[in-house]
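In: Sequence and predicted structure are below.
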Amino acid sequence: MINTLLSKMIAQLDADFNGAGTPVIVQGPVNSPTTGLPQIVLSPGELEMTPPFGDIPAGQMRPREIMDAFAVNTTNGATIKGPYTIGQSALEGTVSCRFNWKQPGDDLEGKKQRIYPRKDHQGDGFEIDYATRKVDVFYGAPLAGTPTLEVEYNYPAVFTLREFRQTLLLETFAANTSDAEKWAALATAVLTTRTQALLDSANEGVNHHTAGVYVTRSLYNTFQLTEGLLDRTTDVVFRYSLYFAVTGQLILERTFTDNTEVIRKIFSPGHKGDPGTINIEANLD
């Protein structure tokens, strides 16, 4: 469940420890190394699922909210237009778009600019073809910088939501106890002082698996150090093991590719409805 988060953490450690004499950083589990020391290994550990709770019964269809992000080519109006293909079949009337100038690695929110639906195919704004899931953006003024197009929408899905808690194991291998402790402490400093940014980055990334209409998603909420242990794996290799707890949500979905519409009008008994509306007839004894 936490592989995406592990990848973000390894990339951050690589960036912060870049230099001569710094350890090799890999994703585990691995056998105890005897060469190439010091070495830092991050591995997924035991997974626990808490009992289900809340008012969302498993296996029911409900609208799900999602945001897809796209790089924007700002060369001219034709390149800004797209099209941009969203990942799911959006429910009509739930789509919103905006440009966001936040760049990867930024700690602060970027400048955002809302884009509104076009009226009568005129002026600036966006249009969406619900059948093909393609979004076209019409924007006449030049766009500075390198914004991202964010498309938020709801889509229909049968889904199950479960809370999880998974252990993340950080191991440092070194030729002596001093180096093993040193790199364990420094790695912990990096991860704990950048926790929120790492969680946000992992949640914004591709942390899901798909196969046809089935999708699994992992969302990460917290990351905390719980315990540690120093031991010797061989006569010449020392290991410092630190255990962290990652909590989050696992979402299991079955999506729909056919058109699903929201009920917008319900007519009372005896009223002739328009095409596509629902009439309710009361059968009273």
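Out: Okay, I see it.

In: what does the average pLDDT come to for stretch 209-222?
Out: For stretch 209-222, mean pLDDT rounds to 86.

In: what does that stretch contact?
Out: 1-2, 4-5, 157, 164, 199, 202-203, 207-208, 245-257 (CB atoms under 8 Å, 6 or more residues apart in numbering). Placement of C-beta: from N, CA and C, glycine included.

In: List buried members of these by neighbour count.
Out: The neighbour-count test (16 or more other CB atoms under 10 Å) marks 1-2, 4-5, 157, 164, 199, 202-203, 207, 245-246, 248, 250-253, 255 as buried among these.

In: How many residues are close by Ala141?
Out: Around Ala141 there are 8 other residues, counting by other CB atoms under 10 Å.

In: tell me the contacts of it?
Out: Asp124.

In: Provide the secondary structure category for it.
Out: Following DSSP: H, G, I helix; E, B strand; the rest coil, Ala141 is assigned to coil.

In: how far away is it from Leu191?
Out: Distance of Ala141 to Leu191, given as CB to CB, to the nearest Å: 42 Å.

In: ok, now Thr22?
Out: 16 Å.

In: Isn't Arg44 up against Met1?
Out: Actually, residue 44 is Pro. It isn't Arg. Yes. The pair Pro44 and Met1 passes the contact test of CB atoms under 8 Å, sitting 7.5 Å apart.

In: Need the overlap of contacts for the two.
Out: Common neighbours of Pro44 and Met1 (CB under 8 Å, 6+ apart) are Gln166.

In: about what we covered before: neighbour count: Thr22 and Leu191, which is higher?
Out: It is Leu191, of Thr22 and Leu191, that has more neighbours when counted by other CB under 10 Å, with 21 against 15.

In: phi, psi of the more buried one?
Out: When read as degrees, to the nearest 10, the backbone of Leu191 gives phi -70, psi -40.

In: my guess is it meets Phe223, correct?
Out: Yes. Look at Leu191 against Phe223 with CB under 8 Å: they come within range, at 7.3 Å.

In: what touches both of those two?
Out: Leu198, Phe244.

In: Quickly list what Gly125 is bridged to.
Out: Note on Gly125: beta-bridge partners Phe138, judged by DSSP bridges.

In: so who does it touch?
Out: Shown in contact with Gly125 (CB under 8 Å, 6+ apart): Ile115, Tyr116, Pro117, Arg118, Lys119, Val137, Phe138.

In: Please report phi then psi for Thr226.
Out: Dihedral angles (degrees, to the nearest 10) for Thr226: phi -120, psi -40.
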